[in-house]
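J.: Return atomic coordinates for the entry below.
(2 chains)
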Amino acid sequence: MLVSMEEAGSGQDAAIELRGVVKRFGQLTAVDGIDLTVPPGICLGLLGPNGAGKSTTMRMLTAQAIADEGTISILGFPLPRESKRARMAMGVVPQQDNLDTELTCRQILSVFARLYRVPKGERAEAIDRALRIANLGNRADTIVKELSGGMRRRLLVARGLIHRPRLVLLDEPTVGLDPQVRQELWSLIDSLRADGTTVLMSTHYIEEAERLADTVAVMSKGSIIARGTPSELVRAHAGREVIEVYGTPDHLATIERRAADNGWAHRRSGPAVALLGAEELDGQAPDGVRRPANLEDAFVALTGEMIE
Amino acid sequence: MSSTISRARVPRRIHRLEPAALAGVMSRDIVIFKRYWKATTFSSIVQPTIYLLAFGLGFGSLVSRVGHVRYVEYVATGVVATAVLFSSAFPGMFNTFIRWQFQRTYDALLAAPVDVEELITAEMLWISVRAGVYGIAPLLVGFAFHLTPEWGMLLVPLIGFVAGFGFAGFGVLIAAVAKTIDNFNYVTSAVLTPMFLVAGTFFPISSLPGVLKTIALFNPLYHCVALVRDVSLNTFHGGADLIHVAVLVVWALLTWRLAVWRLEKRLID
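T.: Numbers count the residues shown, from 1 in each chain, chains lettered A, B, ... in the order given. Model prediction:
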């Protein structure tokens, strides 16, 4: 789809539009021809194991990596030509903590308020608002070095929101955080969507995608191999129910052979063998624990890869 | 989360070098400077004092004059140039490398609406403004050693700024091509140290053997020293001084473009 210059950046377009995007690093093809459209106002979860090409995709959206083939446009701005204008309208929360450790929370937010062209008269208020979002009001003048990991991560998110962007890129927003901090961040991300902000979030946590994403795009080895709401993906790739069979290694091996012979979708799931789409196996299914199928089952069925 | 803050706005036209981007990057430098200005100021005063004591008094007891210039005047003005060199080449090298490779600050800035060219230009501008200002310190110390104040000395910060911009660019360029921070040792010992000595700082290049003399003419620091000396001691040489200015301007532009070009290649995949 061609976007005319008048329309560019008007907010009518898809928030993100990738067409046939390829990125190579020498012999390695990190991103192998992906098409992805993110309509405005949704939270799209880019789910995939480490090394699937999620971070490379994210870096191409800020023009910190340039695609070898294909086209990318953000909020109607074609990249890389209009990338600076695209970056003005979006916020970025990187996977790696790159906060200035020598600066205070307020100083960091102040630098980024300038960089994001927050008008002078609104800067103080924007900084206060960001501190509130990050729940760091009483740490405003603490230098980053002295903050806990969770506080730093919240500040990293607030830094990307200082200018009230229309689109936010979150690259593995909760990687390495303890469960309580993760919950805090999830509610923060959820409130973004309620505010009408489009969110693209890469993650390798199934639960994160399940909880936050309206739509999930499953990425594996540089390609997007499936896309849908979490429940659509589960239904299509893992059925309604799963039977988990527990037992000795010999028993499990027998079950796996039987599943393979009968063509049943199955996978190893910790100390058990999980048979997917169990509702279709009535009568023949071995004894085990029945549970509803989840996104993890669908993910493993899709990629053949284990994930957290 | 609704707020009275307006949503991010995107201007219809933007520039290649946006003043807001330059100011934003420099605002960060200024915050950091406010934290470290005492140490910076201390060393910028103590270093020329030591040079003046060691060379001015120590060496000066053997050599009283270089041409028509008293040796203390010769050294005080020479040390201006070395102060400019070190206060711009080292930050160019180390700050760039550390912020880029270790602190990942540049990654954060480039995800915001700042291009590599704006980032590097802002960093170089800040370094060279600082180098220009601190370039005066050796003259102030020199006054205590009976250096005579001259109106021309008011031009020293400007000379320091232009030369410092070039040395900062040189430093950034080195950071952009260095594989590890240890590689800086090669540059410091094989480039910066001879550059600093073979520049007419402590002894005139006319006393050097022919080859070194020719090399010195290509040393931007030599032109910085000569210019600082001429304006500070009121010994203008019209044509020669114009050449000094031209060399420093070309040096500044050249290293700036090279630094942007090389670092862009490293920062953008």
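J.: Please make it C-alpha for all contacts and neighbour counts, starting now.
T.: OK.
J.: So what's the residue count around the closest residue to chain A within chain B?
T.: With Cα to the nearest Cα, the shortest gap between chain B and chain A falls at B:Asp269, namely 4.3 Å. Using other Cα atoms under 10 Å in any protein chain shown, B:Asp269 is surrounded by 16 other residues.
J.: what's near enough to touch the residue lying closest to it once chain neighbours are set aside?
T.: Counting by Cα to Cα, 6 or more residues apart in numbering or on different chains, B:Asp269 lies nearest to A:Ala65, which is 4.3 Å off, once chain neighbours are set aside. A:Ala65 makes contact with A:Thr56, A:Arg59, B:Ile268, B:Asp269, according to Cα atoms under 8 Å, 6 or more residues apart in numbering or on different chains.
J.: Format these as JSON lines; extra columns: distance to A:Ile42.
T.: Shown next, in JSON lines, are the contacts of A:Ala65 (distance: Cα to Cα, whole Å):
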{"residue": "A:Thr56", "distance to A:Ile42": "21"}
{"residue": "A:Arg59", "distance to A:Ile42": "20"}
{"residue": "B:Ile268", "distance to A:Ile42": "29"}
{"residue": "B:Asp269", "distance to A:Ile42": "29"}
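J.: So of the residues you listed, which two are at opposite extremes in space?
T.: Using Cα to Cα, the pair of the contacts of A:Ala65 lying farthest apart is A:Thr56 and B:Ile268, separated by 11.6 Å.
J.: what does the stretch 151-269 of chain B put close to chain A?
T.: Contact residues, the stretch 151-269 of chain B versus chain A (Cα under 8 Å from any Cα of the partner chain): B:Leu267, B:Ile268, B:Asp269.
J.: Go again with 7 Å.
T.: Counting by Cα under 7 Å from any Cα of the partner chain, the stretch 151-269 of chain B comes close to chain A at B:Ile268, B:Asp269.
J.: who's in contact with the closest residue to B:Arg16 other than its chain neighbours?
T.: Spatial nearest neighbour of B:Arg16, excluding adjacent residues (Cα to Cα, 6+ apart): B:Glu118 at 7.9 Å. When contacts are counted by Cα atoms under 7 Å, 6 or more residues apart in numbering or on different chains, B:Glu118 touches B:Leu17, B:Ala21, B:Leu22.
J.: likewise A:Ser191?
T.: Neighbour list for A:Ser191: empty [criterion: Cα under 7 Å, 6+ apart].
J.: got it, and A:Arg290?
T.: Under the criterion of Cα under 7 Å, 6+ apart, the contact list for A:Arg290 reads A:Glu241, A:Val242, A:Ile243, A:Glu244.
J.: tell me which element the spatially most central residue of chain B falls in.
T.: Central residue of chain B (Cα atoms, centre = their mean): B:Gly164, 2.5 Å from the mean position. Using DSSP states H and E, B:Gly164 maps to helix B:156-177.
J.: and that helix, what's its mean pLDDT?
T.: For helix B:156-177, mean pLDDT is 97.
J.: now the helix or strand just after that helix, how far from the centre of its chain.
T.: As assigned by DSSP H and E, the chain's next helix or strand after helix B:156-177 is helix B:184-187. Chain-centre distance of helix B:184-187: 17 Å, with Cα atoms, centre = their mean, to the nearest Å.
J.: Now the helix or strand following helix B:184-187: buried residues?
T.: Per DSSP H and E, the first helix or strand lying C-terminal to helix B:184-187 is helix B:193-197. Using 16 or more other Cα atoms under 10 Å in any protein chain shown as the test for burial, helix B:193-197 gives B:Met195, B:Phe196, B:Leu197.
J.: Check stretch B:163-174 too.
T.: Neighbour counts over stretch B:163-174 (16+ other Cα under 10 Å) mark B:Ala163, B:Gly164, B:Phe165, B:Gly166, B:Phe167, B:Ala168, B:Gly169, B:Phe170, B:Gly171, B:Val172, B:Leu173, B:Ile174 as buried.
J.: In contact with A:Leu295: list those residues for me.
T.: Contacts for A:Leu295 (Cα under 7 Å, 6+ apart) come out as A:Ile206, A:Pro230, A:Val234.
J.: again, only this time at 6 Å
T.: Contact analysis of A:Leu295 by Cα atoms under 6 Å, 6 or more residues apart in numbering or on different chains lists A:Val234.
J.: Write out the residues of the stretch 1-150 of chain B neighbouring chain A.
T.: Residues of the stretch 1-150 of chain B found near chain A (Cα under 6 Å from any Cα of the partner chain) are B:Arg7, B:Ala8, B:Ala21, B:Gly24, B:Arg28, B:Arg104, B:Thr105, B:Ala111, B:Ala112, B:Pro113.
J.: So which of the buried residues of helix B:193-197 is the closest to B:Phe86?
T.: Nearest to B:Phe86, judged by Cα to Cα, of these is B:Phe196 at 9.1 Å.
J.: Just give the closest residue to the closest one, not the sequence neighbours.
T.: Closest to B:Phe196 by Cα to Cα, 6+ apart is B:Thr82, at 6.3 Å.
J.: what ranges do the helices span in the chain?
T.: Defaulting to chain A. Taking DSSP state H as the criterion, chain A carries its helices at A:54-61, A:83-89, A:105-115, A:120-133, A:149-161, A:179-194, A:206-212, A:230-238, A:249-262, A:295-303.
J.: you looked at the wrong chain, it should be chain B
T.: Using DSSP H, the helices found in chain B span residues B:19-51, B:71-97, B:105-111, B:116-134, B:137-144, B:156-177, B:184-187, B:193-197, B:210-217, B:220-232, B:238-267.
J.: Of all those, which one comes closest to A:Asp32?
T.: Among these, if distance is taken as Cα to Cα, the winner is helix B:238-267, at 22.0 Å.
J.: low-confidence ranges in the stretch 201-308 of chain A?
T.: The model of the stretch 201-308 of chain A has pLDDT under 70 over residues A:282, A:305-308.
J.: Now it against chain B: closest residue?
T.: Closest point on the stretch 201-308 of chain A to chain B, by Cα to the nearest Cα, is A:Met201, at 15.5 Å.
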